[in-house]
Structures are given as structure tokens and as C-alpha cells.
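# pasting the structure only:
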């Protein structure tokens, strides 16, 4: 049985940078969705759609943050 391949320092650094980029991307859109969801609540006839999109993006931010935590 062969030993698993070792992860080099540069590979670890590259993975960290990839997760940082994904985290920034998802967080940016979650922030925009949050602004839209709050703006939607203040309208006379709010809908559920923006709040659901915001909730999904918040969940994605949480999952991405957990994955990024492995490389911090």
C-alpha cells in the first residue's frame, strides 16, 4: 500500500489563496443580497425571494469559511 502524496508548502499556499478568493466572491454577493433583502423588506409589498437568496448565500459563506479554516 502506497503512502498518500505529501502536500508541499506551495500547494498548501495555493489552496489557501483559492479558498480566500472563493470566500471573497461569495461574501461580496452575500453582502449585496443582504442589502437587497433589507431594501425589499422596507417596500410596501415585500416578497420572499430576496430573503431566500440571502439565506442561501449566508449558508454558502459559512461553508466556505469552514473550508478556508483548514488552511489558516
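Received, thanks. Bear in mind the structure is a predicted one, so any value in this text is a computation, not a measurement. Numbers count the residues shown, from 1 in each chain.

# Can you pull the poorly scored residue ranges out of the protein?
Applying pLDDT under 70 to the chain flags residues 1-3.

# go again using 90 as the cut-off
The model of the chain has pLDDT under 90 over residues 1-9, 11-12, 70-72.

# Any buried residues in the helix ranked longest in the chain, and which?
Looking across the chain with DSSP state H, the single longest helix is helix 9-41. Within helix 9-41, the residues that count as buried by 16 or more other C-beta atoms under 10 Å are 19, 23, 26, 27, 30, 33, 34, 37, 40. Where you see a C-beta, it was placed from the backbone N, CA and C, and this is true even at glycine.

# In contact with the second one, which residues?
For residue 23, the contacting residues are 61, 64, 65, 68, taking C-beta atoms under 8 Å, 6 or more residues apart in numbering as the criterion.

# ok, back up a step: with distance to residue 4 added, can I get the buried residues of helix 9-41 in TSV?
Compiled in TSV, the buried residues of helix 9-41 are given as follows (distance: C-beta to C-beta, whole Å):
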residue	distance to residue 4
19	21
23	26
26	29
27	32
30	35
33	39
34	41
37	44
40	49
